[in-house]
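>>> sequence unknown, structure follows:
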């Protein structure tokens with residue numbers, strides 16, 4: 001019969017033995033963990049698309065749980081982020097497993113010297129006003145790229161060179177990539193710098209998408225990689241005192257998936273001024289006026305050319321109204337373009353709270369035709385109200401209400417003949433992010 005003392009003693013010596021094995025690793029490396037939790041309840045009565053009269057609205061609660069870990073060995077960093085994205089109730093209570101857990105990021109950062117480094121693996125590309133490249137933070141699953149970046153960063157100067165090459169899996173032959181709305185290959189050059197009160201960034205992105213043609217038996221008869229180039233000034237900001245002027249401009253060329261020549265652009269300008277309402281600056285009011293134009297294609301265009309700009313991998317929720325009618329989830333892409341005139345007021349009654357009111361007036365860039373009759377270019381207007389309160393550095397509450405006032409032209413473009421008289425959307429969101437300086441999500445302050 002074995003002694004209980006021997007059993008306990010063996011556990012003790014086993015613990016000491018494994019501790020001795022791990023001690024050298026922890027002597028030269030550091031492991032840190034972090035995380036976040038976001039839960040959002042939504043009521044959708046016309047979010048994303050006009051709701052038909054008599055149709056039921058949608059209401060649900062979703063969440064994102066993300067666990068993050070960094071392993072630091074000398075100057076090399078290894079990072080991983082695991083997330084669970086689910087709508088409450090979409091799996092049973094007594095489930096065995098599901099497909100809702102995934103890797104959001106997984107990369108290694110290799111320093112070359114004081115200023116140069118290489119980042120390889122699944123990573124976020126989040127730049128400037130996130131119009132063209134953003135991490136899609138508002139959408140709970142977010143966005144990350146399988147990418148490699150060479151980074152040069154010295155003081156205010158940052159130069160990033162990157163590339164990605166995608167396949168659906170390992171194979172013995174063939175290079176056909178079938179994942180929709182993803183590039184097969186992409187290359188990037190980005191430069192950022194500051195001079196006094198002027199900040200600027202330049203971006204070049206070469207996007208190659210796989211074109212596939214199949215016959216009646218679903219056999220591939222033709223395939224090609226078609227490239228679109230986007231280049232421009234992704235940020236130009238000048239600050240003086242409490243005033244700020246910022247803008248951006250992109251030009252898009254190359255070919256789209258249907259082999260049409262692309263000749264498109266996107267440009268925006270906004271002016272803001274912040275009023276300090278008390279001596280401690282805890283009460284602040286920021287006023288902003290802006291305008292953005294995304295070129296579009298005439299519906300009767302018979303030329304083999306597209307003038308429709310596509311903001312391919314941006315966080316488009318924070319642009320063109322929070323109800324996401326334009327350029328979110330593939331909506332309004334390859335269409336008549338957009339003019340967006342907007343005004344925004346942001347009031348901080350205290351350091352921990354904000355109130356935000358935005359107004360957008362939308363119009364098409366190119367002509368809209370219902371059969372041969374030209375329609376008005378006005379698409380409608382939207383009002384967005386958002387508020388938030390930060391309990392502390394880690395926990396905050398955010399809520400919003402939006403309403404769209406659509407015109408007949410927008411109804412026609414969306415194919416909704418009898419829309420409900422009221423098109424609105426509201427949400428309430430709890431955010432716990434102790435490792436982030438961003439207390440709120442998806443709102444321009």
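Ah, there it is. Quantities reported herein were computed from a predicted structural model and do not represent experimental measurements. Numbers count the residues shown, from 1 in each chain.

>>> could you pull out the helices for the stretch 1-150 of the chain?
4-28 (DSSP state H, counting those that start in this stretch).

>>> output the below-cut-off pLDDT ranges for it.
Along the stretch 1-150 of the chain, the model assigns pLDDT under 70 to residues 1-28.

>>> please redo it, this time with the cut-off set to 50
1-2, 4-8, 10, 17-18, 20-23, 25, 27 (pLDDT under 50).

>>> neighbours of residue 416, how many?
For residue 416, the neighbour count with other CB atoms under 10 Å is 19. C-beta: built from backbone N, CA, C; applies to glycine.

>>> cool, residue 118 as well?
14.

>>> and it, what are its bridge partners?
In this entry, residue 118 is beta-bridged to residue 110, residue 150, by DSSP bridges.

>>> cool, and the one 4 residues further on?
Each beta-bridge partner of residue 122 is listed here, defined by DSSP bridges: residue 106, residue 146.

>>> likewise residue 375?
Beta-bridge partners of residue 375, as defined by DSSP bridges: residue 368.

>>> state the distance from it to residue 432.
Distance from residue 375 to residue 432, counting by CB to CB, to the nearest Å: 47 Å.

>>> looking at those two, which one has more neighbours?
Comparing residue 375 with residue 432 by other CB under 10 Å, the one with more neighbours is residue 375, at 19 against 15.

>>> what about the residue lying closest to residue 37 once chain neighbours are set aside, distance to residue 394?
Excluding the flanking residues, the one nearest residue 37 by CB to CB, 6 or more residues apart in numbering is residue 432, at 4.5 Å. Distance of residue 432 to residue 394, computed by CB to CB: 6 Å.

>>> next SSE after the lengthiest strand in the chain?
Ranked by residue count under DSSP state E, the longest strand found in the chain is strand 220-240. Going down the chain from strand 220-240, the next helix or strand is strand 243-255, by DSSP states H and E.

>>> what angle do strand 220-240 and that following strand make with each other?
Counting by axes from the mean of the first three to the mean of the last three CA atoms, to 10 degrees, strand 243-255 points 160 degrees away from the direction of strand 220-240.

>>> which helices and strands does strand 243-255 pack with?
strand 220-240, strand 261-276 (3 or more CB pairs under 8 Å, 6 or more residues apart in numbering; DSSP states H and E).

>>> could I get the ones you listed in TSV, plus columns for mean neighbour count?
Formatted as TSV, the helices and strands packed on strand 243-255 follow (neighbours: other CB atoms under 10 Å):
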stretch	mean neighbour count
strand 220-240	16
strand 261-276	17
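
>>> now mean pLDDT too, for these, in a markdown table please.
Listed next are the helices and strands packed on strand 243-255 as a markdown table, based on pLDDT from 0 to 100:
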| stretch | mean pLDDT |
| --- | --- |
| strand 220-240 | 95 |
| strand 261-276 | 97 |
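
>>> now tabulate the ones you listed in CSV and tack on distance to residue 184.
Output for the helices and strands packed on strand 243-255, formatted as CSV (distance: least, CB to CB, whole Å):
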stretch, distance to residue 184
strand 220-240, 6
strand 261-276, 17
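
>>> now for those strands, which one comes closest to residue 307?
strand 261-276 (5.2 Å; CB to CB).

>>> next, the angle from that closest one to strand 243-255.
Going by the same axes, to 10 degrees, strand 261-276 makes 170 degrees with strand 243-255.

>>> what's the neighbour count on the nearest residue to residue 46 once chain neighbours are set aside?
Excluding the flanking residues, the one nearest residue 46 by CB to CB, 6+ apart is residue 423, at 3.0 Å. For residue 423, the neighbour count with other CB under 10 Å is 24.

>>> ok, residue 423 - contacts?
Residues in contact with residue 423, defined by CB atoms under 8 Å, 6 or more residues apart in numbering, are 45-46, 50-51, 323, 403-406.

>>> let's see if you can find the most crowded of the residues you listed.
residue 404 (26 neighbours).

>>> kindly state the beta-bridge partners for that residue.
residue 382, residue 423.

>>> against residue 368, how distant is the residue nearest to residue 46?
Counting by CB to CB - residue 423 and residue 368 are separated by 19 Å.

>>> check the separation of the first and last residues in stretch 429-436.
Start-to-end span of stretch 429-436 (CA to CA, to the nearest Å) is 16 Å.

>>> how about stretch 177-195?
43 Å.

>>> contacting residues around it?
Under CB under 8 Å, 6+ apart, the answer for stretch 177-195 is 125, 127, 133, 145, 149, 156-168, 199-210, 212, 225, 234-235, 330.

>>> likewise for stretch 234-251?
So stretch 234-251 is contacted by 127-129, 131-133, 190, 192, 197-203, 230-233, 264-276, 309 (CB under 8 Å, 6+ apart).

>>> which residues does stretch 367-378 contact?
Contacts of stretch 367-378 (CB under 8 Å, 6+ apart): 298-300, 336, 339, 362-365, 407-409, 412-413.

>>> the host helix or strand of residue 287: how far from the chain's middle?
Under DSSP H and E, the secondary-structure element containing residue 287 is strand 284-294. A distance of 20 Å separates the centroid of the chain from that of strand 284-294, by CA atoms, centre = their mean, to the nearest Å.

>>> try stretch 59-74
16 Å.

>>> with stretch 98-113 instead?
Worked out by CA atoms, centre = their mean, stretch 98-113 lies 17 Å from the chain centre.

>>> buried sites along it?
Using 16 or more other CB atoms under 10 Å as the test for burial, stretch 98-113 gives 104-107, 109.

>>> same thing with stretch 250-258?
Counting neighbours by 16+ other CB under 10 Å, stretch 250-258 gives 250-252, 255-256 as buried.

>>> quick one: contacts for residue 99?
Contacts of residue 99 by CB under 8 Å, 6+ apart: none found.

>>> hmm, try it at 10 Å
residue 91 (CB atoms under 10 Å, 6 or more residues apart in numbering).

>>> how close does it get to residue 91?
9 Å.

>>> what strands line up against the strand holding residue 287, and which way round?
strand 261-276 (antiparallel), strand 338-350 (antiparallel).

>>> any chance of the ones you listed in CSV, with distance to residue 80 too?
Formatted as CSV, those follow (distance: least, CB to CB, whole Å):
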stretch, distance to residue 80
strand 261-276, 34
strand 338-350, 36
